[in-house]
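Student: Build me a model:
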Amino acid sequence: MPAAEAFSRAVYDAVIVGGGHNGLVAAAYLARAGRSVLVLERLGHTGGAAVSTRPFAGVDARLSRYSYLVSLLPRQIVRDLGLDFSVRKRTVSSYTPVVHEGRPTGLLVGGDGTRDSFRALTGSDREYEAWQAFYAMTGRVAERVFPTLTEPLPARDELRERIGDEDAWRMLFEEPIGAAVEETFAHDLVRGVVLTDALIGTFADAHDPSLVQNRCFLYHVIGNGTGDWDVPVGGMGALTDALAGAARGAGAEIVTGHEAIRIETDGDTAEVRFRTDDGEGTVAARKVLVNASPQALAALLGDAPPPVPAEGAQLKVNMLLRRLPRLRDRAVDPRQAFSGTFHIAEGYGQLAAAYAQAASGRLPEAPPSEIYCHSLTDPSILGPELAAQGYQTLTLFGLHTPARLFADAPEATRDALLKATLAELDAHLDEPIADCLAVDEAGQPCIEAKAPLDLERDLRLPGGHIFHRDLAFPYAADAATGRWGVETAHPNVLLCGAGAVRGGGVSGIPGHNAAMAALGR
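Tutor: Presented below is the predicted three-dimensional model:
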């Protein structure tokens, strides 16, 4: 067919299915190693979920539409690939508003006032000192675990020995994280702030015996050995644009509008059938790297699907404001509160109640969520006029809203959830957030919401699961896991998406590891 004639080789060393950030990382590494590489991307652009877009008509603001902060991307990958990409630290870690003894206040974490903020909320230094000790422990674990993510998978006992702290191993790897939270902290609000890292993109109770919440927590506190979540300068699209440039610069071919629909392999060579607007075609490869979910991989190969369907459980809301809203807590500047993670309805008891309500089949009465303002740290995503006028972006990520809740009436359910979520935010504001929203060229408010089924439709995330499936601990669970955690039952087909072992988040780690596996390293 005409599309296939544009390809430069009859047989490629590697065909990569999917041009998201992990596929681009793999393409860049393989091309730099002298391999011939072709990337097939279904959409009209690369980047997958790590993109920057202008979602509001006629408004010069480029928002990180889906993924929005960076922690797990190893600096090694940025250096290896010579990426023109940087991140900035946030001045505040988090702010959590609460009504305490009848007055609005909050817990501000980050900077010189952290101890005073803990003391004002809890009446003593106990919780602050527990906080310091707990995160010193996770920091030591991070320093030991993060470097292993771009190495061959360690065995479980090897990782345990490398961590070298039996209490930390018990709390993070063996007992539900709720036990450690309750053992370490006494205050409900402090407990909730800690627990949120175990629930981002993960629908689970604090005491879930599967430990899926522990796996999520671990990945949220080990990034680059610090656990810091940083702001990508220029938005998330700056990263994937740099990756696409690095891959092309090394000789990889990238074609968009090419949807892979079938992979046939005999273990030595493979054929990838694809679809374009002009029809169908095939391309041959020695190895195929699939930057898609395990569910999509099984469908492409004609294999049995994963036994447990993936299910996302989050609400993503993007907003553009004319100005930041005033807070009921007058002791905190809104620019401080929103520059870090602004926690809403995320007390420990509130999180448990929201989970129980959603698990029973109904929307949480007080939907938990968290917000941050990218433009306070990196105003470059705003056009000069908007920046000069004080416009700001807000990104909201809601928890405990599994895809099953949207099955019968997706749009009406999403609208009801958005209304309830904003009401929880408004409870801590001195003015409704709606009064601060900018408007687009048609006079419509600049706000968009995406529930799990929207992400499944837009990005092919199974069930809207942002990690493609539940995260795994970063060790080899059994012999079938493979040397790099990217291997499949087919010797020349590798999984380089977020569903690989050590996947999830914007990290590039599965792409790096699949490239290393393909190179035989």
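Student: contacts, neighbours, all on C-alpha from now
Tutor: Will do.
Student: any idea which strand is longest in this structure?
Tutor: In the chain, with assignment by DSSP state E, the single longest strand is strand 279-290.
Student: which secondary element of this structure has the worst mean pLDDT?
Tutor: helix 2-5 (a mean of 45; mean pLDDT, DSSP states H and E).
Student: Provide the strand pairings for the very next helix or strand once past it, with the direction of each partner.
Tutor: Of the helices and strands lying after helix 2-5 in sequence (DSSP states H and E), the nearest is strand 11-17. In the sheet, strand 11-17 lines up against strand 37-40 (parallel), strand 279-290 (parallel) (DSSP bridges).
Student: Show me where the stretch 251-400 of the chain has its strands.
Tutor: Counting by DSSP state E, counting those that start in this stretch, the stretch 251-400 of the chain has strands at residues 253-255, 259-265, 270-276, 279-290, 315-321, 341-344, 369-372, 392-398.
Student: circling back to that earlier point, now the longest strand of the chain and strand 259-265, what's the angle there?
Tutor: Per axes from the mean of the first three to the mean of the last three Cα atoms, to 10 degrees, the angle that strand 279-290 makes with strand 259-265 is 60 degrees.
Student: Could you list the residues in contact with strand 279-290?
Tutor: Residues outside strand 279-290 that contact it (Cα atoms under 8 Å, 6 or more residues apart in numbering): 1, 3-4, 10-18, 23, 268-275, 297, 492-497, 514, 518.
Student: Off-centre distance for that strand?
Tutor: Relative to the centre of its chain, strand 279-290 is centred 28 Å away, using Cα atoms, centre = their mean, to the nearest Å.
Student: Buried residues in it, which are they?
Tutor: 280-290 (16 or more other Cα atoms under 10 Å).
Student: what's the first-to-last distance across stretch 9-28?
Tutor: 18 Å (Cα to Cα, to the nearest Å).
Student: With stretch 8-21 instead?
Tutor: End-to-end for stretch 8-21, by Cα to Cα: 23 Å.
Student: What lies in contact with it?
Tutor: 23, 27, 35-42, 46-50, 239-240, 243, 254, 260, 272, 283-292, 506, 508, 511.
Student: again with stretch 126-134
Tutor: 114-115, 118-119, 184-187, 190.
Student: From the chain's centroid, how far away is it?
Tutor: Stretch 126-134 has its C-alpha centroid displaced from the chain centroid by 27 Å (Cα atoms, centre = their mean).
Student: Please work out the average pLDDT along it.
Tutor: For stretch 126-134, mean pLDDT is 98.
Student: Pull out the buried residues from it.
Tutor: 126-128, 131, 134.
Student: again, but for stretch 416-433
Tutor: Neighbour-count burial for stretch 416-433 [16+ other Cα under 10 Å]: 417-418, 420-429, 432-433.
Student: Look up phi and psi at the closest residue to Arg322 other than its chain neighbours.
Tutor: Spatially, and ignoring its direct neighbours in sequence, Arg322 is nearest to Tyr391 (4.5 Å; Cα to Cα, 6 or more residues apart in numbering). Backbone torsions of Tyr391, given as degrees, to the nearest 10, read phi -60, psi 150.
Student: check contacts around Tyr391.
Tutor: Per Cα under 8 Å, 6+ apart, neighbours of Tyr391: 320-324, 382.
Student: so how far is Arg103 from it?
Tutor: According to Cα to Cα, Tyr391 stands 29 Å off from Arg103.
Student: Also Thr488?
Tutor: 56 Å.
Student: neighbour count winner among these two?
Tutor: Neighbour count, other Cα atoms under 10 Å: between Thr488 and Arg103, Thr488 has more, with 17 against 10.
Student: ok, the more buried one - contacts?
Tutor: 482, 494-495.
Student: where in this protein is pLDDT low?
Tutor: Along the chain, segments meeting pLDDT under 70 span 1-6.
Student: Look at Arg414 and give its secondary structure.
Tutor: Taken by DSSP: H, G, I helix; E, B strand; the rest coil, the conformation at Arg414 corresponds to helix.
Student: just checking, it touches Ala451?
Tutor: Yes - assessed by Cα atoms under 8 Å, Arg414 is found in contact with Ala451 at 6.3 Å.
Student: between these two, who's got more neighbours?
Tutor: Neighbour count, other Cα under 10 Å: between Arg414 and Ala451, Ala451 has more, with 26 against 22.
Student: you'd agree Glu456 is up against His468?
Tutor: No - between Glu456 and His468 there is no contact under Cα under 8 Å: 10.2 Å.
Student: Need the residues touching each of those two.
Tutor: Common neighbours of Glu456 and His468 (criterion: Cα under 8 Å, 6+ apart): Pro462.
Student: okay but Glu212 is in contact with Leu218, surely?
Tutor: For residue 212 the amino acid is Val, not Glu. No - in this structure, Val212 is not within contact of Leu218 by Cα under 8 Å, at 10.0 Å.
Student: Tell me where the stretch 51-200 of the chain has strands.
Tutor: Using DSSP E, counting those that start in this stretch, strands in the stretch 51-200 of the chain cover 52-53, 63-64, 87-88, 94-100, 103-109.
Student: Report the separation between Val193 and Pro209.
Tutor: 21 Å.
Student: and the two? which has more neighbours close in?
Tutor: When neighbours are counted by other Cα under 10 Å, Val193 and Pro209 differ, and Val193 comes out ahead with 20 against 14.
Student: From the contacts of strand 279-290, list just the buried residues.
Tutor: 3, 11-18, 23, 269-275, 297, 492-497, 514, 518.
Student: picking that back up, to Asp157, which of the strands of the stretch 251-400 of the chain lies closest?
Tutor: strand 279-290 (29.4 Å; Cα to Cα).
Student: So what's the residue count around Ala480?
Tutor: Neighbour count of Ala480, defined by other Cα under 10 Å: 11.
Student: And it, its phi and psi?
Tutor: Dihedral angles (degrees, to the nearest 10) for Ala480: phi -70, psi -10.
Student: From Glu487, how far out is it?
Tutor: For Ala480, the distance to Glu487 - Cα to Cα - is 8 Å.
Student: Next: Asp454.
Tutor: 30 Å.
Student: Could you do Asp228 as well?
Tutor: 30 Å.
Student: So those two - more neighbours on which side?
Tutor: Neighbour count, other Cα under 10 Å: between Asp228 and Glu487, Glu487 has more, with 23 against 18.
Student: Now do the same contact list for Gly48.
Tutor: Gly48 makes contact with 18-21, 459 under the criterion Cα under 8 Å, 6+ apart.
Student: try it again with 10 Å
Tutor: By Cα atoms under 10 Å, 6 or more residues apart in numbering, the contact list for Gly48 reads 18-23, 41-42, 66-67, 237, 240, 291-292, 458-460.
Student: list the contacts for Met319?
Tutor: 55-56, 63, 373, 392-396, 433-434, 436-438, 445-449.
Student: Got a ChimeraX select line for the buried ones in those residues?
Tutor: Remark: buried members of the contacts of Met319, expressed as a ChimeraX selection using 16+ other Cα under 10 Å:
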select :55,56,63,373,392,393,394,395,396,433,436,437,438,445,446,447,449
